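J.: Build me a structure from this.
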Amino acid sequence: MKRFAQAGLLVLCGLGLLQASLLTDGYLRYVKEGMRPLLIASGAVLVLLGAAEAWSARRARARDAGDHGPGGRVHDGHAHAGDGPGGHAHTPHDDGADDIHGHAGEGAHGHDHSGVPRVAWLLFLPALSLLFYAPPALGSYTAAREAPKAVAVVDEDGFGPLPATSPLPITLTDFTQRVQQDAKQAIKGRTVRMTGFVTPAGDGREGWYLTRILLSCCAADAQSVKVRVYGVQAPKADAWVTVTGTWHPEGALGTSSAAVALDARGVEKVERPTNGYTDSLPIGS
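T.: Presented below is the predicted three-dimensional model:
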């Protein structure tokens, strides 16, 4: 690939990173918020490297043009001085030397005539996509194809009393821990509110999943937290909703046999949070 094309590819990649991380919050679709400074720095470095490569290529082209200027030229390996009062200077050589010089001519010019596979130009497509089409965030397609994330184990003394607020705002992770680990069964009979996106169950049984996707670093290590919802018709897949309801009595509450499920009393559509890869409380809580 020619040097100017290489420089352009570097600049395009750098601009795409800067647009996603500096000018918009699009980077939150792929990595955690704490990665933003590194993305900005990487984008700036790529732009600088592309500019440096373009400048170097321009100087090389100017130098090559100077070698072929009026004052002197290289052709077939011969050095020719410009015509002048002294006439044309030509270095004598025999036929064998002429053959050698003729084959060396291309190297003397400094040109690279090696071909580049056309498929190499496809490298521009991901760079352009960063600028003009940002891939969507992970959603129900990903969550439906993996088992829910195992929540952290909480010591029996680690569960404090729940606030008296009703309905109680709670995260999907906290709800899961209360249902399956809290021996005091503080969640029993409480009306709770949780926010997430809709994932179809896909198993032929009643209900659907309220879901959150969590990242440890980036989208490649995404894991989901799910709560099964009963009693209301499933909204459109990937729609963000806030669900109000009570624990669905199935299994022994406070043990691992308890179903992480909710009998819904109401569903309200909400906007996707800016950072959808966190298990946060419902908006406005």
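J.: for this protein, which spans come out with low pLDDT?
T.: Along the chain, segments meeting pLDDT under 70 span 1, 67-117, 120, 284-285.
J.: tell me the contacts of the spatially most central residue of it?
T.: Nearest to the geometric centre of the chain sits Y30, at 3.6 Å (Cα atoms, centre = their mean). Each residue near Y30 by Cβ atoms under 8 Å, 6 or more residues apart in numbering is listed here: P135, C218, A219. All C-beta atoms are positioned from the backbone trio N, CA, C, and that covers glycine.
J.: Now list the buried members of those.
T.: A219 (16 or more other Cβ atoms under 10 Å).
J.: got the residue ranges for the strands in the stretch 151-285 of the chain?
T.: Assigned by DSSP state E, counting those that start in this stretch, the stretch 151-285 of the chain shows strands spanning 168-169, 192-200, 208-214, 223-230, 240-247, 261-269.
J.: Out of the ones you listed, which gets nearest to T278?
T.: strand 208-214 (7.1 Å; Cβ to Cβ).
J.: Make TSV out of the strands of the stretch 151-285 of the chain and add distance to R118.
T.: As requested, these are exported to TSV (distance: least, Cβ to Cβ, whole Å):
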stretch	distance to R118
strand 168-169	56
strand 192-200	41
strand 208-214	38
strand 223-230	40
strand 240-247	43
strand 261-269	47
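J.: coming back round to it: ok, the contacts of Y30 vs R212, which is closest?
T.: A219 (14.1 Å).
J.: Hmm, K32 and that closest one touching each other?
T.: No. In this structure A219 lies outside contact range of K32 using Cβ atoms under 8 Å: 9.8 Å.
J.: what's the overlap in contacts for the two?
T.: Between them, A219 and K32 share no contacting residue, judged by Cβ under 8 Å, 6+ apart.
J.: got the contact list for P249?
T.: Contacts of P249 by Cβ under 8 Å, 6+ apart: none found.
J.: let me redo that: G158
T.: Contacts for G158 (Cβ under 8 Å, 6+ apart) come out as none.
J.: mind checking how far it is from A152?
T.: According to Cβ to Cβ, to the nearest Å, G158 and A152 sit 10 Å apart.
J.: G204 now?
T.: Counting by Cβ to Cβ, the gap from G204 to A152 is 31 Å.
J.: Then D203?
T.: For D203, the distance to A152 - Cβ to Cβ - is 26 Å.
J.: Tell me who's in contact with Y27.
T.: Neighbours of Y27 in contact, by Cβ under 8 Å, 6+ apart: A20, S21, M35, R36, L39.
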